[in-house]
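K.L.:
Task: produce atomic coordinates for the following.
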Amino acid sequence: MQRNIAYLSIAFLAGTLAGALAVGGYGQISASTESPGDERLAAADATLSRFNSGKADSEAPDAFGINAEPENLTTSLTNLSNTTVSLEGRLRDMTAGWTRFQDELARLQGRVASLEQRLAAVAEPNAGGDKLERPARPNTQEDRRSTLIKSGLEYDLAADLVWRQDRNELDRLELRDLAIREGWYRSDRYRKEKRRLAKEAPDLRLEVGDEIYDRYLFASGLDNHVSVISVIADSPAEGAGIQPGDIVDTYAGERIFTQAELRSATTDGELGELVPVQLRRPDGSRVQIWLPRGPLGIRMGLTRADPEG
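P.N.:
Predicted coordinates:
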């Protein structure tokens, strides 16, 4: 009996020792297979615990590299938001600048095309075989008076108009000279007087009428019509059949001499109302089309065309 008890005790001790060794070995295996991510998670849990207990270390970053203090987190988010707003503002400025560049480029392209058209008109022979040359611009008082008379204005009216033009120009020169001598040049007083003289200057078109004014511009070698350089795709002009090389004689019954006059005419009246537009084709034929009031969708230039042609 005592022998059996001794055997049982020895077996129990052996089993206990084996179990202890097994547990120790498992712990070493677990420790050796623990991943770095588990360490970061444990560190993060520890940081969160310190933060919740009010004992977070303000100088040490947490396991994810972000300072755990709410003040620093708020500052970081605010800085990020400000940076985003700044970048958005710069992007808007760049977009607006690009749009302005495209508009200016289109304007310059239209101007270049207009100059090329004018050069071609001077260089190419006309139907009679002679070169279309611009006459010299009348500069003297006598030349201007004679040109007005040839354009259909009576002698007395032409002489009076030319005299008043010269008188107004001389008044403006004397105003500038006086303002410089007395020290009020570029002052409000000078600008007011200059505007007054500008209003008093004779308006040649208004005084002689559209027909004589048109003939006077042509006889003086000046551009007197708006030409179509090109037509924008899907525009009202394209839909109405306007073509490059067309000349705009009238818009809504008004004679057109400059691009500014045409732009102003398209913005008058009610948007979308149908108005007649008189065109002159490159072959000399004239056509009338109807367009809705508003942007035409053309790139414009200036040209010189015979009013009687």
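
K.L.:
in this protein, which spans are helices?
P.N.:
Along the chain, the segments classed as helices by DSSP state H run 2-32, 36-52, 70-123, 141-150, 155-182, 188-200, 204-208, 210-219, 236-240, 259-267.

K.L.:
Just give me the lowest mean pLDDT stretch among these.
P.N.:
The weakest mean pLDDT among these belongs to helix 2-32, with a mean of 47.

K.L.:
Domain ranges for this structure, per the record?
P.N.:
Segmentation of the chain into domains, based on automatic domain parsing, reads 141-219, 225-303.

K.L.:
could I have stretch 90-99 exported to CSV, CA atoms only?
P.N.:
Coordinates of the C-alpha atoms in stretch 90-99 are reproduced here as CSV (Å, rounded to 0.1, in the frame of the first residue of the first chain):
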residue,chain,number,x,y,z
ARG,A,90,-4.6,79.8,-56.5
LEU,A,91,-6.3,77.4,-58.8
ARG,A,92,-9.2,79.8,-59.4
ASP,A,93,-6.7,82.6,-60.1
MET,A,94,-4.9,80.4,-62.6
THR,A,95,-8.1,79.5,-64.3
ALA,A,96,-9.2,83.1,-64.5
GLY,A,97,-5.8,84.1,-65.8
TRP,A,98,-5.9,81.4,-68.5
THR,A,99,-9.4,82.5,-69.6
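
K.L.:
Contacts for that stretch, please.
P.N.:
Where contact means C-beta atoms under 8 Å, 6 or more residues apart in numbering, no residue beyond stretch 90-99 reaches it. Backbone N, C-alpha and C define where each C-beta goes, glycine included.

K.L.:
Number the chain from 657, please
P.N.:
Will do, 657 is the new start, and the previous item becomes stretch 746-755.

K.L.:
list the buried ones in it?
P.N.:
By neighbour count on 16 or more other C-beta atoms under 10 Å, the buried set for stretch 746-755 is empty.

K.L.:
still on that earlier bit, quick check: which of the domains of the chain has the most neighbours on average?
P.N.:
domain 881-959 (a mean of 16; mean count of other C-beta atoms under 10 Å).

K.L.:
Would you mind measuring the gap between the ends of that one?
P.N.:
5 Å (C-alpha to C-alpha, to the nearest Å).

K.L.:
And for stretch 907-926?
P.N.:
Chord length of stretch 907-926, first to last residue, is 14 Å (C-alpha to C-alpha).

K.L.:
again, but for stretch 852-860
P.N.:
End-to-end for stretch 852-860, by C-alpha to C-alpha: 17 Å.

K.L.:
what's next to that stretch, contact-wise?
P.N.:
Stretch 852-860 has contacts (C-beta under 8 Å, 6+ apart) with 817, 820, 821, 824, 827, 828, 831, 869, 872.

K.L.:
which one among those gets closest to residue 886?
P.N.:
Comparing the contacts of stretch 852-860 against residue 886 with C-beta to C-beta picks out residue 869 as the nearest, at 27.9 Å.

K.L.:
re earlier: how about the domains of the chain in TSV, adding distance to residue 750?
P.N.:
Formatted as TSV, the domains of the chain follow (distance: least, C-beta to C-beta, whole Å):
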stretch	distance to residue 750
domain 797-875	37
domain 881-959	25
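
K.L.:
Quick check: which of the ones you listed is nearest to residue 738?
P.N.:
Of the domains of the chain, nearest to residue 738 by C-beta to C-beta is domain 881-959, at 40.5 Å.

K.L.:
Just give me the closest of the contacts of stretch 852-860 to residue 861.
P.N.:
Proximity of the contacts of stretch 852-860 to residue 861, judged by C-beta to C-beta, is greatest for residue 869, which lies at 4.4 Å.

K.L.:
which ones are touching the closest one?
P.N.:
807, 860, 861, 913.

K.L.:
What are the boundaries of the strands in the stretch 857-965 of the chain?
P.N.:
Here the stretch 857-965 of the chain has its strands, by DSSP state E, counting those that start in this stretch, at 881-887, 903-907, 910-911, 930-936, 942-948, 954-959.

K.L.:
for the ones you listed, which one sits closest to residue 803?
P.N.:
Within the strands of the stretch 857-965 of the chain, the stretch nearest residue 803 is strand 881-887; the backing value is 18.1 Å (C-beta to C-beta).
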